[in-house]
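[1] Based on what follows, work out the 3D shape:
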Amino acid sequence: MGLFERYLSVWIGLAIVVGVGLGAWFPDAAASIAALEAAGINLPIAVLIWGMIFPMMLAVDFSSIGAIRQQPRGLLVTAVVNWLIKPFTMTALAWLFIRGVFSAWIPAAIGQEYVAGMILLGVAPCTAMVFVWSRLSDGDPNYTLVQVALNDLIMVFAFAPIAALLLGVSDVLVPWDTMLTAVGLFVVVPLVAGWFTRLSLRSVRRIERLETRLKPLAIGALIATVLLLFMVQAQAILANPLAIVLIAIPLILQTYLIFWITAFWMRSAGQPRSIAAPGAMIGASNFFELAVAVAISLFGLNSGAALATVVGVLVEVPVMLSLVAMANRNRRLFPA
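    This next block holds a predicted model:
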């Protein structure tokens, strides 16, 4: 394990502090970076995420993908947790904490918007960052690709109906351009690039050598992504510190809850570590680009719902890194 990976939590912590500091001291620069977007996706962050994902896609062996059909239970667990469990546990936790435990500190009207934003996060399981978490936990790249593809397919049909049901509205404005652009940028393009790279190298040894060289670049891109996210959201963090903390608590609990539900189910289903670990990661993390875009479309840029989805972005990376560490250390729950 290299220097960056060994002290990754330290670098992430420094990136958070530096990001908030830069956003506070240079708000105009942060606003300019935030404005660089297309179809609701921030372009600098998209480039950095692409840099994290490409090494994972390079490891995908297309000749081995078909073998996943012989072990479908992991995909079944992923689909059930993501779409029949996760949205409802998130809704329950949001109401329990925002409208119950924390109601004395949160006005009812804004609390309703916080709940809505948290629900949108719960209905948007991860598409891009799961490749990073899978790589850090030694997940099977072929399985990770297939589970993301299945997840994206279900999302096209299930996101709007489930969000509408849980939000209690009849018409949810799904920004299809954001969804399709995100899937193209974070899955299709790096996948094709990885495939062409494997074809051009023609040697397993050359491919492994390139993967080794790219690993520090991927970790650096992760750190830069965190710094940039905290930089562009620094003003919201500093303006509402108590709200950030209150929203973060149920979001963090939800992340750990879904991770452990999936992990124990994967173990009971006899899934190996290379499948169980990324399977637990995809449900625990969120497709925050989509959640943020829908929250803004439904409730407005300065709404409580938009703020709640942003808090989801802020807590995800540190929490997911802790789950990666758990997956790597817990050999009993995640057997080889």
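[2] Give the rounded mean pLDDT of stretch 82-96.
    Stretch 82-96 carries an average pLDDT of 93.
[3] what separates that stretch from the chain centre, distance-wise?
    Distance, stretch centre to chain centre, for stretch 82-96: 16 Å (C-alpha atoms, centre = their mean, to the nearest Å).
[4] what about the strands in this structure?
    Here the chain has its strands, by DSSP state E, at 37-38, 41-42.
[5] so what strands line up beside the last one?
    In the sheet containing strand 41-42, the strands it pairs with under DSSP bridges are strand 37-38 (antiparallel).
[6] For the strand it pairs with, give me every contacting residue.
    Contact with strand 37-38 is made by L43, T181, as judged by C-beta atoms under 8 Å, 6 or more residues apart in numbering. From N, CA and C alone the C-beta is placed, and that goes for glycine too.
[7] now with 6 Å?
    Strand 37-38 is contacted from outside by L43, using C-beta atoms under 6 Å, 6 or more residues apart in numbering.
[8] doesn't G312 make contact with Q233?
    No: between Q233 and G312 there is no contact under C-beta atoms under 6 Å: 11.0 Å.
[9] Look at these two and report which has more neighbours.
    Using other C-beta atoms under 10 Å, the more surrounded residue of Q233 and G312 is G312, with 28 against 21.
[10] Chain neighbours aside, what residue packs nearest to the more buried one?
    Spatial nearest neighbour of G312, excluding adjacent residues (C-beta to C-beta, 6 or more residues apart in numbering): L121 at 4.4 Å.
[11] Would you confirm that the one you found contacts A291?
    Yes: L121 is within contact range of A291, at 4.7 Å (criterion: C-beta under 6 Å).
[12] what touches both of the two?
    What both L121 and A291 touch, as defined by C-beta under 6 Å, 6+ apart, is the set T309.
[13] quick one: which of the two has more around it?
    Taking neighbours as other C-beta under 10 Å, L121 and A291 compare with L121 leading, 30 against 27.
[14] ok now do the more buried one, which residues does it touch?
    L121 sits in contact with N286, A291, T309, G312, where contact means C-beta under 6 Å, 6+ apart.
[15] Show the model's pLDDT score for it.
    90.
[16] quick one: it from L93, how far?
    Using C-beta to C-beta, to the nearest Å, L121 is found at 11 Å from L93.
[17] And I85, by the same measure?
    When C-beta to C-beta is the yardstick, I85 and L93 sit 12 Å from each other.
[18] Right, I'll leave it there.
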